[in-house]
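Visitor: Below are the sequence and a predicted model; questions follow.
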Amino acid sequence: MTLDRDFQRPVALVIAGTTHMVRSIREAAWLLADQWPDFSCEYFRKALSACAAALEGRRSATYARRALILAAHRANVAIAPEQTQAA
């Protein structure tokens with residue numbers, strides 16, 4: 001059973017000129033598996049593993065989000081500034 005959960009704050013990542021707004025564990029896993037620029041990086045594998053663990057309920061959404069952000073930094077993927085959301 002998978003347990004998709006939303007992140008408390010979305011992460012906007014820019015890959016190949018396209019901004020991807022990642023709002024949940026499942027979206028993070030999809031982005032890593034389908035759009036990531038460097039599949040050989042250790043941090044990519046750690047982030048994908050963190051997403052899998054979070055989807056299985058063994059880790060939190062926050063843990064998966066942090067792993068995604070770290071992988072982005074290591075892969076030189078730009079993180080767009082947080083957008084102000086209307087209430």
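Guide: Alright, I've got the coordinates.

Visitor: Let me see the ranges of the strands in this structure.
Guide: With strands called from DSSP state E, the chain shows them at 6-15, 18-24, 78-79.

Visitor: So which of the ones you listed is nearest E56?
Guide: Closest approach to E56 among the strands of the chain (Cβ to Cβ): strand 18-24, 14.6 Å. Where C-beta positions appear, they are placed from N, C-alpha and C, glycine not excepted.

Visitor: Can I get the closest one in CSV, CA atoms only?
Guide: The C-alpha coordinates for strand 18-24 follow below in CSV (Å, rounded to 0.1, in the frame of the first residue of the first chain):
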residue,chain,number,x,y,z
THR,A,18,11.0,24.0,-17.0
THR,A,19,9.7,24.7,-13.5
HIS,A,20,8.2,21.7,-11.8
MET,A,21,6.1,22.5,-8.7
VAL,A,22,6.4,19.4,-6.5
ARG,A,23,3.7,19.2,-3.9
SER,A,24,3.7,15.6,-2.7
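
Visitor: Just send the strands of the chain back as a markdown table, with distance to L70, mean neighbour count and mean pLDDT too.
Guide: A markdown table is the format used below for the strands of the chain (distance: least, Cβ to Cβ, whole Å; neighbours: other Cβ atoms under 10 Å; pLDDT from 0 to 100):
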| stretch | distance to L70 | mean neighbour count | mean pLDDT |
| --- | --- | --- | --- |
| strand 6-15 | 11 | 16 | 96 |
| strand 18-24 | 14 | 15 | 97 |
| strand 78-79 | 11 | 12 | 96 |
